[in-house]
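Colleague: one predicted model, sequence on top.
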Amino acid sequence: METRRLELLAELSRLGSMRAVADVLRTTTSTVSQQLAALSRETGTALTEPDGRG
């Protein structure tokens with residue numbers, strides 16, 4: 001398991017959106033989403049709950 005993925009999850013919890021995480025960590029929203037999906041697969045657990053675009 002990559003610790004970078006755990007960092008993304010922690011930032012998502014703190015900031016509340018994948019876009020905010022991407023902005024803070026200077027990456028793309030797609031990268032954040034893909035990395036969190038990989039972490040979810042690795043752990044076998046749903047890590048996020050879709051909230052839609054607000």
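Modeller: Received the coordinates, thanks.
Colleague: show me where pLDDT drops low in this protein?
Modeller: By pLDDT under 70, the low-scoring segments of the chain are 1, 52-54.
Colleague: show me what counts as buried in the helix or strand Leu9 falls within.
Modeller: According to DSSP states H and E, Leu9 maps onto helix 3-15. Using 16 or more other Cβ atoms under 10 Å as the test for burial, helix 3-15 gives Arg5, Leu8, Leu9, Glu11, Leu12. Where you see a C-beta, it was placed from the backbone N, CA and C, and this is true even at glycine.
Colleague: repeat that for stretch 38-47.
Modeller: Leu39, Leu47.
Colleague: re earlier: what's the helix holding Leu9 in contact with?
Modeller: Residues from elsewhere that reach helix 3-15 (Cβ atoms under 8 Å, 6 or more residues apart in numbering): 18, 20-21, 24-25, 32, 35-36, 38-39, 42, 47-48.
Colleague: please repeat the previous calculation with a cut-off of 6 Å.
Modeller: Val21, Val32, Gln35, Leu36, Leu39 (Cβ atoms under 6 Å, 6 or more residues apart in numbering).
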